[in-house]
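**Student:** Got a predicted model here, sequence first, then my questions.
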Amino acid sequence: MNSPSASAAPSIPPASQAGEQHALAKPPSVALALVQRRAGEAVLAVLSGNNADTALARVNTTGFDGATRSALTDLTYGTLRFLGELRGIVHQFVHSKPEPLIEAILWVAIYQLSHGKTASHVVVSQAVAAVETVNRGAKGFSNAVLRNYLRAPEASLAKAIERDEGMWNHPTWWVERLRREQPEWWEPILRGGNGHGPLTLRVNRRRATVAQVLDSFAEKKIEAEALSETMIVLKRPRPVERLPGFRDGVFSIQDAGAQLAAPLLHAKDGMRVLDACAAPGGKAAHVLELADCSLLALDVDAERIKRVGENFARLGLNAEVRAADAADPKSWWDGTPFDRILLDAPCTGSGVVRRHPDGKWLKRESDVAQLAAQQKRLIDGLWPTLKVGGRLLYVTCSVFKLENGVQVDASLSRHADMRRVRVTLPGDPASSGGQLLPGGNRKTHNHDGYFYALLEKIAL
Ligand SMILES: C[S@@+](CC[C@H](N)C(=O)[O-])C[C@H]1O[C@@H](n2cnc3c(N)ncnc32)[C@H](O)[C@@H]1O
């Protein structure tokens, strides 16, 4: 068999073949071996605490064109999505732990072999070439690992899935926690977290109707379907900037679960509304698209808050935007109470790992309690700023109870003037307590995992 070197003719598969989302129009610009190595570097950067976007921004992509960058992203995300089983497989074939980057290149290659469509001889020869660029001496070893795997892939997978991490592709503590907390739903939650989220759009009804957007897509042969009067789902994901109307603020990307926030908040014309944790501004923009209210958008992160202003400008919306700690009203509040407060709180993001598989490996179990403490501080800090008769919508994109039902029950017991208003959430059978499962029922309500609690201030 020929063994192409790292500088041999390009043989990267289209990313769609690698099992992830972007379709590529052109052949890639550099050899697969280099992309595998860079994906290994990005995966290692995530394991040492960087999110995937930062990790990918830091790897050296000199000479990569757009298509190759997409392939790199796909390999990195795919490897992170299935990291539990990939680690379990590689572990079976190594007697002493290899250098981290070599092990990571093997995870990437096995991801391609098990979930991609590139010919296995190409994946193996390129991965061995990638390993050679790290350590010449490890060439034979990595070739042997990959060939051993290919001899009996099913048996290797069967062994890897004997352990929770391999079976569910989530950290063991995460699986154990969900099994304990959600005896009925832990399996659908984990399975949903390993799926792919569709590209869902929210039409800016101040600029267009769903029918108009669908017509403009049809003209460009972009297949899409309406899910509601403001929601569209694309048959195949594609870069949003290339969709007609995006730059003109005709629509935004927003998951179907996130699109429930603004209707549940139900702000009306003339109301004074606070979005306490607004960046990058998706839910706040939706509120402003639905009502002529006076909205204050806060976020503690001075960098992220800039994106709120950019989003409002693209969509033609007006609101006051400020960087501030929402839990400390004396630093930003003028004393006039709000009719509505949206508290989309910082959380583990355990409900959105199908879009952010890096989140599974970045979080520690201790983060759950630490984030729950931040959420409590925000609820308690904001409660005095709500009018009597006003409503605060508490939202997380988590599936852990400490951040959701337990958090809300504890708030209700601390605040005598707080009551929970029953809301109906569409989609999946678990939603009665406010929890939307990641993946939903897949067909009509394919959303991320969200939690919603609507809290009203009553007169004492
Ligand atoms: C889930 S995100 C919000 C997403 C946003 N609502 C949207 O739909 O685009 C949570 C946000 O809370 C912000 N945050 C965290 N602690 C905060 C605090 N004490 N005050 C204000 N914002 C905070 C984070 O910077 C982050 O942008």
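**Tutor:** Thanks, I have it.

**Student:** what does the domain assignment say about this protein?
**Tutor:** The record's domain split for the chain, according to automatic domain parsing, is 15-168, 200-253, 259-457.

**Student:** Distance to the ligand, mean neighbour count and mean pLDDT added to those, as CSV?
**Tutor:** Quick note: C-beta positions are derived from backbone N, CA and C, even for glycine. Formatted as CSV, those follow (distance: least, CB to the nearest ligand atom, whole Å; neighbours: other CB atoms under 10 Å; pLDDT from 0 to 100):
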stretch, distance to the ligand, mean neighbour count, mean pLDDT
domain 15-168, 13, 20, 91
domain 200-253, 10, 16, 95
domain 259-457, 3, 19, 95
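
**Student:** With distance to residue 194 added, can I get the ones you listed in CSV?
**Tutor:** CSV is the format used below for those (distance: least, CB to CB, whole Å):
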stretch, distance to residue 194
domain 15-168, 6
domain 200-253, 17
domain 259-457, 7
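
**Student:** Find the helix or strand that the nearest residue to residue 58 once chain neighbours are set aside is a member of.
**Tutor:** Of all residues not flanking residue 58 in the chain, residue 45 sits nearest, at 6.3 Å (CB to CB, 6 or more residues apart in numbering). According to DSSP states H and E, residue 45 maps onto helix 32-47.

**Student:** Can I get that helix as CSV, trimmed to CA atoms?
**Tutor:** The C-alpha trace of helix 32-47 is given here as CSV (Å, rounded to 0.1, in the frame of the first residue of the first chain):
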residue,chain,number,x,y,z
LEU,A,32,-5.3,15.2,5.6
ALA,A,33,-2.4,14.4,7.9
LEU,A,34,-2.0,18.0,8.8
VAL,A,35,-5.7,18.5,9.5
GLN,A,36,-5.7,15.3,11.7
ARG,A,37,-2.7,16.7,13.7
ARG,A,38,-4.3,20.1,14.1
ALA,A,39,-7.6,18.5,15.2
GLY,A,40,-5.6,16.4,17.8
GLU,A,41,-4.0,19.7,19.0
ALA,A,42,-7.4,21.3,19.3
VAL,A,43,-8.9,18.4,21.2
LEU,A,44,-6.0,18.5,23.7
ALA,A,45,-6.5,22.2,24.1
VAL,A,46,-10.1,21.6,25.1
LEU,A,47,-9.0,18.9,27.5
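
**Student:** following that helix, which helix or strand comes up?
**Tutor:** helix 52-58.

**Student:** got the CA positions of stretch 372-381 in PDB?
**Tutor:** Written as PDB, here are the backbone C-alpha positions of stretch 372-381 (Å, rounded to 0.1, in the frame of the first residue of the first chain):
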ATOM      1  CA  ALA A 372     -26.100  27.100  41.300                       C
ATOM      2  CA  ALA A 373     -24.600  29.500  43.800                       C
ATOM      3  CA  GLN A 374     -24.300  32.200  41.100                       C
ATOM      4  CA  GLN A 375     -27.800  31.600  39.900                       C
ATOM      5  CA  LYS A 376     -29.100  32.000  43.500                       C
ATOM      6  CA  ARG A 377     -27.200  35.200  43.900                       C
ATOM      7  CA  LEU A 378     -28.800  36.500  40.600                       C
ATOM      8  CA  ILE A 379     -32.300  35.500  41.600                       C
ATOM      9  CA  ASP A 380     -32.000  37.100  45.000                       C
ATOM     10  CA  GLY A 381     -30.300  40.200  43.700                       C
END
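
**Student:** dump the residue contacts of residue 46.
**Tutor:** Going by CB atoms under 8 Å, 6 or more residues apart in numbering, residue 46 touches 52, 55, 76, 80, 358, 361, 362.

**Student:** returning to that earlier point: from residue 345, how far off is the residue nearest to residue 58?
**Tutor:** Between residue 45 and residue 345 the distance is 27 Å, computed by CB to CB, to the nearest Å.

**Student:** How about residue 84?
**Tutor:** Distance of residue 84 to residue 345, computed by CB to CB: 28 Å.

**Student:** Sticking with the residue lying closest to residue 39 once chain neighbours are set aside, tell me its helix or strand.
**Tutor:** In space, residue 39 comes closest to residue 75 once its chain neighbours are excluded; the distance is 3.8 Å by CB to CB, 6+ apart. Residue 75 is part of helix 66-81 when elements are defined by DSSP H and E.
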